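# what's the 3D shape of this:
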Amino acid sequence: MHSRDVLSHAFSQVHETLQGSLDGLTAEQLAARVGPDANPVAWLAWHLLRVQDDHVTDVAGGEQVWTAQGFARRFDLPVDDAAIGYGMSTEEVGAVRVEDPALLVEYSAAVHARTAEFLAGLTDADLDRVVDTRWDPPVTLGVRLVSVLSDDLQHLGQIGYVRGLLA
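Below you'll find the model as predicted:
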C-alpha cells in the first residue's frame, strides 16, 4: 500500500463521516450553540471543509472549490471569500448559518473530489516536499496533509458531541 492510498482512505472517511453527521439535522440544530460561545455544527462543518479546501489547494495549486465552483456565492455568508474560520469572533462564528445540511454535504463532496484528485497523483517521495517555510522545521507536504486530517477529525468529533447533546 502506498502513502497516497492511506491518505485517500482517511480523507474519504472524513467526507463519509461528515455526511452521516449532518444527515437529518434541521436549520435550528445546525445553528444551535450548546454554550454561549460554543461552535455550532454548521460552523464546525463549514470550517473543516474550508481548511481542507484552502490547504489542499495551496499545495496542489489552482483555485479553491469554494470560489471556483460557486460555493461562496451559494452559501452567501457574511464573511470574506478567503475566510476559513481561524481567528473569528464569537459573533462571526454565529453568523455562519446554513439552512440546509445538503449544501454542506455538496461542498464536502466537491472538496473531497478535489482532494482525491490531488492525492491520486502523489508519490511517496512527494510527501517530503517542503510546502511552508514559515515554520521551524519547515512543513513538508506529508506533515501538512496529516495536519489537515487531524483538524478535520477533531471537528468531526466535536460535531458528533454537539449532535449528541442536541438529541
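
# Helix or strand: which one has the most centrally placed residue in the chain?
Centroid-nearest residue in the chain, with C-alpha atoms, centre = their mean: residue 49, separated by 1.9 Å. Under the criterion of DSSP states H and E, residue 49 resides in helix 41-60.

# in that helix, what's buried?
By neighbour count with 16 or more other C-beta atoms under 10 Å, helix 41-60 contains the buried residues 41-57, 59. In short, each C-beta sits where N, CA and C put it, glycine included.

# Output the residue ranges of the strands in this structure, listed in chain order.
Using DSSP state E, the strands of the chain run over residues 130-132, 139-140.

# So which residues make contact with the shortest one?
With contacts defined as C-beta atoms under 8 Å, 6 or more residues apart in numbering, strand 139-140 is touched by 127, 128, 129, 130, 131, 132, 133, 147.

# which of these are buried?
Among the contacts of strand 139-140, those buried by neighbour count (16+ other C-beta under 10 Å) are residue 127.

# Grab the two from the contacts of strand 139-140 that are most spread out in space.
Spatially, the most separated pair among these is 127 and 133, at 16.6 Å (C-beta to C-beta).
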